[in-house]
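Enquirer: Got a predicted structure plus its sequence, pasted below:
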Amino acid sequence: MKEITSTKNAYIKELKKLDKKKYRDETNRYIVEGEHLVQEAIKAGAAIEGVLCTETGQMLYEDMAKEVCIEDVYLVTEEVMKSLSSVPAPQGIIAVIRKGKEEAIPQSGTFLLLDGVQDPGNVGTMIRTADAAGIKTVILGEGTADIYNSKVLRSMQGSHFHVTVRQAVLTEVIAEMKENNIQVYGTELNPEAVSYRTVEKANEFALVMGNEGQGVSKEVLALTDKQLYIPIVGQAESLNVAIAAGILMFSLT
């Protein structure tokens, strides 16, 4: 096991750049941290480039190492770990992962489409909920938070290893879905909208969730087949987009 004791180490300085989307895209790498996410990466057979751990994290790694052989493992100081971590109290283990090759978007199945959802916590929660509900594919439209953002990764809790997640232009994707006779549901409260309770479960559909403040864009909304709404009984004006998505996904599946 190699040792790194300085935050000025060239490799550490390189990894710190991965907190920016531009550099993640350029190098095709990202970081996951914490026992659960590193374990999920190992279970999923992700392309792990290397692991960094403190003395505390070393015990976690040694237990995980029984399942996989990782060539580059570094023992780092607490200071180095804190310089890379995105949380106040790091668990002492980080994995550097190479992004997998993106395959084509499936032509059938169940889909969650995110249109300009900006909050990383909401994006991660919806992907995790899609995983739990059995949704097979999540498509991130323009303006949606990057899946490899540290907050998105923490909120997903490894669900991106189980669900197909792709970035695409939603208007183009929806046009293809309609050619394949996939029902596309928008989410807007208007005179034509129907309660989600009136819609039957289906093996194929796409659900579009929109921006936290503006909702689904007019261009995308115009291509949907039906608008769904969730009746609110109490005095709350609206629901958080991730909560609403969870209710609708479990209802539709």
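Expert: Good, I have the coordinates.
Enquirer: where does this structure dip in pLDDT?
Expert: Low-confidence segments of the chain, defined by pLDDT under 70: 67.
Enquirer: now the helices for the stretch 151-253 of the chain?
Expert: 170-179, 218-221, 241-252 (DSSP state H, counting those that start in this stretch).
Enquirer: With residue 219 as the reference, measure out to residue 239.
Expert: 24 Å (CB to CB, to the nearest Å). For glycine as for every other residue, the C-beta is placed from the backbone atoms N, C-alpha and C.
Enquirer: Next: residue 250.
Expert: Here residue 250 is placed at a distance of 28 Å from residue 219 (CB to CB).
Enquirer: Can you get me a residue count around residue 110?
Expert: Applying other CB atoms under 10 Å, we find 22 residues neighbouring residue 110.
Enquirer: So it sits against residue 135, correct?
Expert: Yes: in this structure, residue 110 is within contact of residue 135 by CB atoms under 8 Å, at 4.8 Å.
Enquirer: Between the two, which contacts overlap?
Expert: residue 253 (CB atoms under 8 Å, 6 or more residues apart in numbering).
Enquirer: contact partners of the top helix by length along the chain?
Expert: For the chain, the helix that runs over the most residues, judged by DSSP state H, is helix 120-133. Applying CB under 8 Å, 6+ apart, the external contacts of helix 120-133 come out as 112, 114, 117, 138, 140, 144-145, 147, 149-157, 159-160, 162-163, 165, 209, 212, 240-242, 245-246, 249-250, 253.
Enquirer: Pull out the buried residues from that helix.
Expert: By neighbour count on 16 or more other CB atoms under 10 Å, the buried set for helix 120-133 is 120, 122, 123, 124, 125, 126, 127, 128, 129, 130, 131, 133.
Enquirer: repeat for stretch 69-82
Expert: For stretch 69-82, a neighbour-count test (16+ other CB under 10 Å) marks 73, 74, 75, 76, 80, 81 as buried.
Enquirer: ok, now stretch 193-210?
Expert: Neighbour-count burial for stretch 193-210 flags 196, 199, 205, 206, 207, 208, 209, 210 (criterion: 16+ other CB under 10 Å).
Enquirer: Stretch 205-224 now?
Expert: 205-211, 215-217, 220-221, 223-224.
Enquirer: And stretch 236-253, by the same measure?
Expert: Neighbour counts over stretch 236-253 (16+ other CB under 10 Å) mark 241, 242, 244, 245, 246, 248, 249, 251, 252, 253 as buried.
Enquirer: The spatially closest residue to residue 54 that is not a sequence neighbour and residue 30: what is the separation?
Expert: Once flanking residues are discounted, residue 54 sits nearest to residue 92: 3.9 Å by CB to CB, 6 or more residues apart in numbering. For residue 92, the distance to residue 30 equals 19 Å [CB to CB].
Enquirer: for residue 102, same thing?
Expert: Distance of residue 102 to residue 30, given as CB to CB: 14 Å.
Enquirer: Give me the more crowded residue out of these two.
Expert: Here residue 102 and residue 30 are compared on neighbour count by other CB under 10 Å; more neighbours surround residue 30, at 22 against 11.
Enquirer: ok, the more buried one touching residue 19?
Expert: No: Residue 30 is beyond contact range of residue 19, at 9.6 Å (criterion: CB under 8 Å).
Enquirer: Which residues does the host helix or strand of residue 83 contact?
Expert: Assigned by DSSP states H and E, residue 83 belongs to helix 78-84. With CB under 8 Å, 6+ apart as the test, helix 78-84 has contacts from 4-7, 9, 12, 15-16, 31, 33, 52-54, 57, 90, 92, 94.
Enquirer: can you rerun that using 10 Å?
Expert: With CB atoms under 10 Å, 6 or more residues apart in numbering as the test, helix 78-84 has contacts from 3-9, 12-13, 15-16, 18-19, 31, 33, 52-57, 74, 76-77, 85, 88-94, 96.
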